[in-house]
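Novice: curious how this folds, go ahead:
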Amino acid sequence: MKKISSRMLILLWTFAFTAPTEKELLQSILEQLKLIRQELSMLRESLKGPTAGTEILSSLQEEIRSLRSEMELLKKQIERAPSQAQEPAPSPTVPPSPPSEVEVSIEGSLFLGSENAPVVVVEFTDYECPYCARHFRETLPRIRADYVETGKVKYILKDFPLSFHMQAKPAAIAARCAGAQEKYWEMHDRLFAQQRNLGTQLFQQLAQELGLNLQTFSQCLNSGTFDAQIDADIASARQIGVAGTPSFVIGKPTAAGTASGTLVRGAVPFERFQRIIESFLHPSTRGQTRTTPVQEQKPAPLPPEPQTPRAATVRASIDDDPILGNPDAPVTIIEFSDYQCPVCARFWREVLPRLKKEYLFPGKARLIYRDFPIAFHPNAQISAESAHCAGEQGKYWEMHDMIFQNQKDLSAENLKQFAQQMSLNPYLFNACLESGKYREEVLKDLEDAKKIGVRGTPSFVVGRTQKGKEVEGTLYTGLGSVDTFFARIDSILSEE
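Specialist: Sure, this is the predicted structure:
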């Protein structure tokens, strides 16, 4: 971190002699570095704990790669900065922190959820920002599930494309052009899912996948139709002190068409959102639950240790989905999974082999796989359908394994190549996949899961095998529950 600090001193001195727009860029740099320091601090703490290992190291390496990329872009921007013949400033200073309580206009903004929800979350985002992508992947799904879909939060998005992200504003325009054809959020999700490939070619490809009128979409991209709206978003952000992305305002809607609340900066954990949202939902507890604003100069406190996942007794349908193991085994495990979910892939890679060895192949338990494709994973649905198409030729589980093994390369064409590698009849497989034959089957799994309270992947129901199509068992969510549900299997077997 000392090297970064030294570099920043040089940047501070350089920008003391440049135009105001370059100073605004410096402010953005400082915000990004502040977030990086906080995240590295959290990673160091994680390395000390029991979860240290390849996953943490991989995460750290990804952060370093993103930081290097950002710094290279910034260096090029600095080289292009015009010199100013001014008297030297006495000493460059870090811009002051903005106030924690702010008010921002939300009239006419794009939103998710109920228009009349009691709490508003306003996100200022940049489609090329790696921390915005992290928020999209890790935190937004939980906000949607716990607060947006339950009618408690109206989630509003405003654009704040940073000047050194060349594709950020074009991507924001592409999303709004898709919105003109009622596909804003679908385009939003796909842009973040393919952040490293942003550009006109990707925009056109995604528009085609979404079934947009391509001529209308292309004309919109170059028309400047949404320039004024994006500029207004940027101006409203700067008025309340936003300098980097992602930033959020969490508060209450007002009769004047604004949101009044707390300014939060950075890809902070879900728990931080949860505490602030709950404080606005239950005003009597605000003084007890409010935390130190993220934008203060002192390092943000580490998030609390995750709670043990809740376990609930549910009655779940097994439908007619694929079974791995002895169909008459005394214990049933129902897995709800998403082929693009990285935690699901980790379960497949690290836990399923143990499950096979100790319970499935010895005939003690059976595993039933049910699909739960998450909306912002663009290839999860078609991957699930492809596994069922392979199942028609007796190779469901082989395709299941092939998909998880190649999780980063999923597309319709690649799925067809997987089928060829598995020696499936290509005509039958391709016809099945292109017909959408199993679309409703996959969506039925999704709806059945939601009925019993499944909100994320992977989730599991573990119970005693019963006659018929249902199993009464315990619902577990996430990999944190693995040891617990292994213990539950043993408990059921001991009762035999």
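Novice: the spatially most central residue of the chain in helix, strand or coil?
Specialist: Closest residue to the average C-alpha location of the chain: Arg137 at 1.2 Å, with CA atoms, centre = their mean. The local conformation at Arg137, judged by DSSP: H, G, I helix; E, B strand; the rest coil, is helix.
Novice: send the alpha carbons of stretch 159-175 over as CSV?
Specialist: C-alpha atoms of stretch 159-175 as CSV (Å, rounded to 0.1, in the frame of the first residue of the first chain):
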residue,chain,number,x,y,z
ASP,A,159,-25.9,6.7,-14.6
PHE,A,160,-22.6,8.0,-13.6
PRO,A,161,-20.1,7.0,-16.3
LEU,A,162,-16.5,7.9,-15.3
SER,A,163,-14.5,9.8,-17.9
PHE,A,164,-11.7,7.3,-18.0
HIS,A,165,-14.1,4.4,-18.8
MET,A,166,-14.4,4.7,-22.6
GLN,A,167,-17.4,2.3,-22.9
ALA,A,168,-19.3,3.4,-19.8
LYS,A,169,-21.5,6.0,-21.4
PRO,A,170,-22.1,4.0,-24.6
ALA,A,171,-23.2,1.1,-22.5
ALA,A,172,-25.6,3.4,-20.5
ILE,A,173,-27.0,4.6,-23.8
ALA,A,174,-27.4,1.0,-25.0
ALA,A,175,-29.4,0.1,-21.8
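Novice: returning to what we had before: the residue nearest to the centre of the chain - nearest residue in space that isn't next to it in sequence?
Specialist: Leaving aside its chain neighbours, Arg137 sits nearest to Phe192 (7.6 Å; criterion: CB to CB, 6 or more residues apart in numbering). Where C-beta positions appear, they are placed from N, C-alpha and C, glycine not excepted.
Novice: now swap in Thr262 and tell me
Specialist: Ranked by CB to CB, 6+ apart and with sequence neighbours excluded, the top spatial neighbour of Thr262 is Ile250, at 5.2 Å.
Novice: so which bits of the helix or strand where the one you found lies are buried?
Specialist: Using DSSP states H and E, Ile250 maps to strand 247-253. Across strand 247-253, burial judged by 16 or more other CB atoms under 10 Å covers Ser247, Phe248, Val249, Ile250, Gly251, Pro253.
Novice: same question, stretch 155-167
Specialist: In stretch 155-167, counting by 16+ other CB under 10 Å, buried: Tyr155, Ile156, Leu157, Lys158, Asp159, Phe160, Pro161, Leu162, Phe164, His165, Gln167.
Novice: again, but for stretch 444-461
Specialist: Using 16+ other CB under 10 Å as the test for burial, stretch 444-461 gives 444-446, 448-449, 452, 454-461.
Novice: now the end-to-end length of that stretch.
Specialist: Distance across stretch 444-461, first residue to last, is 17 Å (CA to CA, to the nearest Å).
Novice: cool, and stretch 215-226?
Specialist: Using CA to CA, the end-to-end distance of stretch 215-226 comes to 17 Å.
Novice: quick check: mean pLDDT of that stretch?
Specialist: Stretch 215-226 shows a mean pLDDT of 93.
Novice: would you mark the buried spots in it?
Specialist: Buried-residue list, stretch 215-226, by 16+ other CB under 10 Å: Phe217, Ser218, Cys220, Leu221, Phe226.
Novice: same thing with stretch 470-479?
Specialist: Val471, Gly473, Thr474, Leu475, Tyr476, Thr477.
Novice: now these as TSV including distance to Ser383 and secondary structure?
Specialist: Converted to TSV, those look like this (distance: CB to CB, whole Å; DSSP: H, G, I helix; E, B strand; the rest coil):
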residue	distance to Ser383	secondary structure
Val471	25	strand
Gly473	26	strand
Thr474	28	strand
Leu475	24	strand
Tyr476	23	strand
Thr477	21	strand
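Novice: any idea which of the residues you listed is closest to Leu110?
Specialist: Nearest to Leu110 among these, counting by CB to CB, is Thr477 at 29.9 Å.
Novice: and the helices in the stretch 351-496 of the chain, which stretches?
Specialist: Secondary structure of the stretch 351-496 of the chain by DSSP state H, counting those that start in this stretch: the helices cover 352-355, 380-391, 396-405, 412-421, 426-435, 439-451, 482-494.
Novice: check those for me: which has the lowest mean pLDDT.
Specialist: helix 482-494 has the lowest average pLDDT among the helices of the stretch 351-496 of the chain, namely a mean of 82.
Novice: any idea which helix or strand carries Ala345?
Specialist: Using DSSP H and E, Ala345 sits within helix 342-346.
Novice: got a list of contacts for that helix?
Specialist: Contact with helix 342-346 is made by Glu55, Ser337, Asp338, Phe404, Gln407, Thr457, Pro458, Gly478, Leu479, as judged by CB atoms under 8 Å, 6 or more residues apart in numbering.
Novice: pick the one among these closest to Lys364.
Specialist: Among the contacts of helix 342-346, and counting by CB to CB, the member closest to Lys364 is Pro458, at 20.4 Å.
Novice: for that closest one, give me the pLDDT.
Specialist: On the pLDDT scale, Pro458 is placed at 89.
Novice: that one and Ile334 touch, don't they?
Specialist: No: counting by CB atoms under 8 Å, Pro458 does not reach Ile334; the two are 10.7 Å apart.
Novice: just to revisit the earlier point, using JSON lines, lay out the buried residues of stretch 470-479 together with distance to Met399.
Specialist: Listed next are these as JSON lines, based on distance: CB to CB, whole Å:
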{"residue": "Val471", "distance to Met399": "25"}
{"residue": "Gly473", "distance to Met399": "27"}
{"residue": "Thr474", "distance to Met399": "29"}
{"residue": "Leu475", "distance to Met399": "27"}
{"residue": "Tyr476", "distance to Met399": "26"}
{"residue": "Thr477", "distance to Met399": "25"}
